[in-house]
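Enquirer: from the sequence below, what's the structure:
(one chain, ligands or ions: 2)
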Amino acid sequence: MSTLVLGGAGYIGSHMVDSLRAQNKAVVVVDNLATGHRLAVPEDVPFYQVDIRDKQALSAVFDQEEIDQVVHFAASSIVPESMTDPLKYFDNNTAGMIALLEVMLEHDVKQIVFSSTAATYGDAKESPIKETTPQLPINPYGLSKLQMEQIMAWADKAYNLKWVALRYFNVAGAKPDGSIGEDHPTETHLVPIILQTALGERDAITMFGDDYNTPDGFNVRDYVHVMDLVDAHVLALDYLAKGNVSNQFNLGTANGYSVKQMVEAAREATGMEIPATVGPRRAGDPDSLIADSTKAREVLGWTPQYESVQEIIKTAWTWHQTHPEGYQDRSKN
Ligand SMILES: NC(=O)c1ccc[n+]([C@@H]2O[C@H](COP(=O)([O-])OP(=O)(O)OC[C@H]3O[C@@H](n4cnc5c(N)ncnc54)[C@H](O)[C@@H]3O)[C@@H](O)[C@H]2O)c1
Ligand SMILES: O=c1ccn([C@@H]2O[C@H](COP(=O)(O)OP(=O)(O)O[C@H]3O[C@H](CO)[C@H](O)[C@H](O)[C@H]3O)[C@@H](O)[C@H]2O)c(=O)[nH]1
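Expert: Ligands and ions are numbered 1, 2, ... in the order given. So this is what the prediction gives:
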């Protein structure tokens, strides 16, 4: 039996595929290459360029392959874009989940691990954020992910579909050997933008807003290493395979870093100057998002290895230095 990785050509999905293969597990990838890269998936992994909303094409993959579990990374995930084009998010994310679950249930596949997000909590009233903290998203991206969680919960009640929602905080870093990493066609994420600036590909990093309700006025986030993150997915697949109930887990380090602190950490980690300027706030950004991941540690047995942002940034730096132009297959997207 194989694990189907939806969005396996993307940043996090490609690290998941790599991890499953390292454990000699059979993997199948579906990706429409909207933001992913064919070169991020090894040639010997079955790969289908399919949009998950195309039920006929997705169904054909389930007919062709023997799938028992699904890991669902395939989504649109840029917070500012969701503010200006919300319907894209409700279509690709929310409607994509409905199409996917219909196809899974038609094929009697009833276990799914899902990429949820800290963005479902919005401007949370408590910190660190627990799984029980109210989910009150303040941008369409976060709302679409909350809707996806809720759709799975009803599918569990009605059809006995078992799901784990992993609510990631800010994912960063790369496989330490630098062979795979983060390469989005339009980069909006902080760490790659800082490192592209360090490489001289950008003149300066603009820090969005210095008037947030945080100690230094800059936005605070909890940065978790992509390798630790995929470990949690492997544990979640085992958790479901053992017949456990549906569940949700926050994945972060419980350490908050402001944008300014991240720039300073990157200067230390890379030894580069990294010019930075202060610009206006970006729409849809909460002040601070810090995770309490005690539940993932206790229930899944998750033990993240990377506690320091400098270590996280160093692995991303290896990727960016060895792949200054990313996967170099952008013309195929
Ligand atoms: N990067 C983060 O910090 C972060 C934080 C929280 C949650 N997440 C979630 O994790 C997941 C992966 O994020 P990422 O940073 O790797 O993003 P990514 O854009 O690199 O990966 C998403 C992949 O899904 C594919 N895809 C998108 N829509 C699809 C569709 N309709 N059909 C088939 N394939 C489709 C894309 O081509 C891409 O390869 C997303 O669901 C995102 O919302 C990411
Ligand atoms: O050029 C930049 C880019 C980002 N930022 C700031 O850096 C922080 C992190 O921004 P990212 O765009 O890297 O990440 P987001 O926090 O917006 O969102 C990420 O984490 C969220 C959960 O916290 C979501 O799940 C989402 O998918 C994922 O992209 C924010 O305070 C942002 O304002 C800057 O100051 N300058």
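
Enquirer: give me the neighbour count for F62.
Expert: By other Cβ atoms under 10 Å, 19 other residues sit near F62. C-beta coordinates here come from the backbone N, C-alpha and C atoms, glycine included.

Enquirer: wait, what's in contact with the residue lying closest to A75 once chain neighbours are set aside?
Expert: Leaving aside its sequence neighbours, A75 sits nearest to N93 (Cβ to Cβ, 6 or more residues apart in numbering; 4.8 Å). Shown in contact with N93 (Cβ atoms under 8 Å, 6 or more residues apart in numbering): A75, S76, Y141, S144, K145, Q147, M148.

Enquirer: quick check: the last one is in a helix.
Expert: Yes - the secondary structure assignment for M148 places it in a helix, going by DSSP: H, G, I helix; E, B strand; the rest coil.

Enquirer: which non-adjacent residue is nearest it?
Expert: In space, M148 is closest to M97, 4.4 Å off (Cβ to Cβ, 6+ apart).

Enquirer: roughly how far does that neighbour sit from ligand 2?
Expert: 16 Å (Cβ to the nearest ligand atom, to the nearest Å).

Enquirer: that residue is in contact with M152, isn't it?
Expert: Yes - if you go by Cβ atoms under 8 Å, M97 and M152 touch, sitting 7.4 Å apart.

Enquirer: between those two, which has more neighbouring residues?
Expert: Applying other Cβ under 10 Å to M97 and M152 shows that M97 carries more neighbours, namely 26 against 23.

Enquirer: helix/strand/coil for the more buried one?
Expert: helix.

Enquirer: quick one: it from G217, how far?
Expert: M97 sits 37 Å away from G217, taking Cβ to Cβ, to the nearest Å as the criterion.

Enquirer: circling back: pick the one among the contacts of N93 closest to Q69.
Expert: Ranked by distance to Q69 (Cβ to Cβ), the contacts of N93 are led by M148 at 17.3 Å.

Enquirer: and that closest one, what does it touch?
Expert: Each residue near M148 by Cβ under 8 Å, 6+ apart is listed here: N93, T94, M97, F114, S116.

Enquirer: give me the subset of the residues you listed lying in strands.
Expert: The strands, defined by DSSP state E, take in F114, S116 from these.

Enquirer: for ligand 2, state which of the contacts of M148 is nearest.
Expert: Proximity of the contacts of M148 to ligand 2 (Cβ to the nearest ligand atom) peaks at S116, which lies at 8.2 Å.

Enquirer: can you list the weak-confidence ranges in the protein?
Expert: Scanning the chain with the threshold set as pLDDT under 70 gives 329-333.

Enquirer: would you map out the domains in it?
Expert: 2-171+223-251, 190-221+254-322 (the TED database).

Enquirer: from S2, how far out is the closest residue to Q49 other than its chain neighbours?
Expert: Closest residue in space to Q49, ignoring its immediate chain neighbours: L33 at 5.9 Å, by Cβ to Cβ, 6+ apart. Per Cβ to Cβ, L33 is found 20 Å from S2.

Enquirer: next one: A266
Expert: With Cβ to Cβ as the criterion, A266 and S2 are 38 Å apart.

Enquirer: more neighbours, the two?
Expert: Neighbours were counted for A266 and for S2 using other Cβ under 10 Å; A266 has more, 26 against 17.

Enquirer: for the residue of the stretch 1-150 of the chain at minimum distance from ligand 2, give the beta-bridge partners.
Expert: In the stretch 1-150 of the chain, the residue that lies nearest ligand 2 is T117 (3.2 Å; Cβ to the nearest ligand atom). Assessed by DSSP bridges, T117 has beta-bridge partners Y168.

Enquirer: may I have the helix or strand harbouring L101 as PDB, with CA atoms only?
Expert: For L101, the host element (DSSP states H and E) is helix 96-106. Extracted in PDB, the C-alpha atoms of helix 96-106 (Å, rounded to 0.1, in the frame of the first residue of the first chain):
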ATOM      1  CA  GLY A  96     -10.600  21.200  -3.200                       C
ATOM      2  CA  MET A  97     -11.100  19.400   0.200                       C
ATOM      3  CA  ILE A  98     -14.700  18.500  -0.800                       C
ATOM      4  CA  ALA A  99     -13.600  17.000  -4.100                       C
ATOM      5  CA  LEU A 100     -10.800  15.100  -2.400                       C
ATOM      6  CA  LEU A 101     -13.000  13.600   0.300                       C
ATOM      7  CA  GLU A 102     -15.600  12.600  -2.200                       C
ATOM      8  CA  VAL A 103     -12.900  10.700  -4.200                       C
ATOM      9  CA  MET A 104     -11.400   9.200  -1.100                       C
ATOM     10  CA  LEU A 105     -14.700   7.900   0.200                       C
ATOM     11  CA  GLU A 106     -15.600   6.500  -3.200                       C
END
